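**Q** predicted model and sequence below, questions to follow.
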Amino acid sequence: MHMLSYLLFFFWNIIPKNMTHISEAVTASDTFEQLKKLLRGIVPETELIVKAEIAYEINRLKKEKNAIILGHNYMEPALFYSIPDHVGDSLGLARIAAETDAERIVFCGVRFMAETAKILNPNRMVLLPAEVAGCSLAASITASDVRELKAKYPGIPVVTYINTYADVKAETDVCCTSSNASDIVRKLDSDSVICLPDEFLAKNIARETGKHVITPGSERTGKNDMVIWDGRCEVHDKFTVEDIENARRQFPDTVVVAHPECSPEVVQASDYSGSTTAMTRFVKESDAGRFLILTECAMGDNIAAENPEKEMLRMCSIRCPHMNEITLEDTLKSLREDIYQIEIDEDIRIRAKGSLDRMLELS
Ligand code: 13P
Ligand code: SF4
């Protein structure tokens, strides 16, 4: 591990006390006072003064424009704790997006999440605050790749990670997220599956469900096969078993919590693996005092804010550039100007909705 990461381990030992989400603020300075209490030692005060003003204006405007703000767990702490009506993982936010009757859904997350909201609830205006907030997994596969796989392996159901674009979902039998993937694979009426596009997530599911991993183009073994793709999350791909060993060498009582987009070796060397919400819940409910959080660093900050008595070790040199596109400034612009609106071709949307509906029924 880099020297920088060790320094961060030490620096982040200083964590603030008594955190909760902010309540409704009457003025911008109320917002600042509440954020300061929540995020002391995590976000510098000078930064919070500016961010609190923007957050206050967003909260005022979202009521005026009948908007709901959904915030993924990876949002930076000042945004995460000030403007979302709901925070959560991909599955949790998809469920809320499907049910809201607000006129606008502002999605503080990445494009595939905003697309999922539009697929499930097409009569709402869905806004993504940054024009380009992609995902290396979603970019790793196209609809024609999926059609070719279906032709090569006919009759095998396609399970696709929610981290894909609408046209890929449209070619899919059922979607899954990090919180329900193994469950969905077990519940399908098929011993073999095509599981796309995350190589690591698929290998982690294959281990849990007892399937043989088959790379595209290879011949099937005949039973219990899982055909995988070679997509990877550019963030989770960077965590190594050596990082875990270094942390444990330095702090032997460290409990290691990893997202299932990490390699199977990293997941197996960890103490717990689950979706971003499951990781957050695990830390909250655990009696342990020190954790290594192997996922986007901002989520480690958000967990630290809510668990001031626990120590969060995190590697902040590894970031998701796509999630980091979403800022308070751009969210305000998005609400003011109704940009960037998500539009999906109706034929694709209906087919993609089928695979999301199946997932929601099965999970
Ligand atoms: P979750 O569904 O666990 O929030 O994961 C989404 C994601 O993109 C993780 O990198
Ligand atoms: Fe995609 Fe990885 Fe970023 Fe999640 S962390 S949005 S999987 S690139």
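**A** Yep, that arrived. Numbering: from 1, shown residues only. Ligands and ions are numbered 1, 2, ... in the order given.
**Q** smallest gap between the stretch 101-250 of the chain and ligand 1, at which residue?
**A** Residue nearest to ligand 1 within the stretch 101-250 of the chain: residue 178 (3.8 Å; CB to the nearest ligand atom). In short, each C-beta sits where N, CA and C put it, glycine included.
**Q** doesn't that residue lie inside a strand?
**A** No. Counting by DSSP: H, G, I helix; E, B strand; the rest coil, residue 178 falls outside a strand, being coil.
**Q** residues touching it, list them.
**A** Contacts here follow CB atoms under 8 Å, 6 or more residues apart in numbering; on that basis residue 178 touches 89-90, 201, 259-261, 274-276, 278.
**Q** could you do residue 343 as well?
**A** So residue 343 contacts residue 118 (CB under 8 Å, 6+ apart).
**Q** next, give phi and psi for it.
**A** Phi and psi for residue 343, reported as degrees, to the nearest 10, are phi -130, psi 140.
**Q** give me the number of residues near the residue of the stretch 51-200 of the chain found nearest ligand 2?
**A** Of all residues in the stretch 51-200 of the chain, residue 135 sits closest to ligand 2, at 3.2 Å by CB to the nearest ligand atom. Look at residue 135: counted by other CB atoms under 10 Å, it has 23 neighbours.
**Q** I'd assumed residue 109 was in contact with it.
**A** No. Using CB atoms under 8 Å as the test, residue 135 is too far from residue 109 to be in contact (9.7 Å).
**Q** state the phi and psi torsions of the residue of the stretch 51-200 of the chain closest to ligand 2.
**A** According to degrees, to the nearest 10, residue 135 has phi -180, psi 130.
**Q** tell me the contacts of it?
**A** Here residue 135 is in contact with 110-112, 163, 233, 322 (CB under 8 Å, 6+ apart).
**Q** pick the one among the contacts of residue 178 closest to residue 327.
**A** Looking at the contacts of residue 178 and their distance to residue 327, the nearest is residue 276, at 19.6 Å (CB to CB).
**Q** now the closest one, nearest residue through space, not along the chain?
**A** residue 73 (4.0 Å; CB to CB, 6 or more residues apart in numbering).
**Q** residue 141 too?
**A** Closest to residue 141 by CB to CB, 6+ apart is residue 197, at 3.9 Å.
**Q** got the contact list for that neighbour?
**A** 137, 140-141, 160-161, 163-164, 168, 229-231.
**Q** then residue 255?
**A** 271-272, 286, 288, 290-292.
**Q** ok, now with 7 Å
**A** Contacts for residue 255 (CB atoms under 7 Å, 6 or more residues apart in numbering) come out as 271, 286, 288, 290-291.
**Q** put together JSON lines for those, with neighbour count and pLDDT on each row.
**A** Shown next, in JSON lines, are the contacts of residue 255 (neighbours: other CB atoms under 10 Å; pLDDT from 0 to 100):
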{"residue": "271", "neighbour count": "15", "pLDDT": "98"}
{"residue": "286", "neighbour count": "15", "pLDDT": "98"}
{"residue": "288", "neighbour count": "14", "pLDDT": "98"}
{"residue": "290", "neighbour count": "16", "pLDDT": "98"}
{"residue": "291", "neighbour count": "28", "pLDDT": "98"}
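**Q** between those residues, which sits nearest ligand 2?
**A** Closest to ligand 2, out of all of those and judged by CB to the nearest ligand atom, is residue 291, at 18.7 Å.
**Q** tell me what the longest helix seen in the chain is packed against?
**A** When the chain is parsed with DSSP state H, its longest helix is helix 45-64. Contacts defined by 3 or more CB pairs under 7 Å, 6 or more residues apart in numbering; DSSP states H and E place helix 45-64 against helix 28-39, helix 328-337.
**Q** helix, strand, or coil at the residue in the stretch 251-363 of the chain that ligand 2 sits nearest to?
**A** Proximity of the stretch 251-363 of the chain to ligand 2 (CB to the nearest ligand atom) peaks at residue 320, 3.4 Å away. Following three-state DSSP, we place residue 320 in the coil state.
**Q** isn't it right up against residue 296?
**A** Yes. Residue 320 lies in contact with residue 296 (CB atoms under 7 Å); the separation is 4.7 Å.
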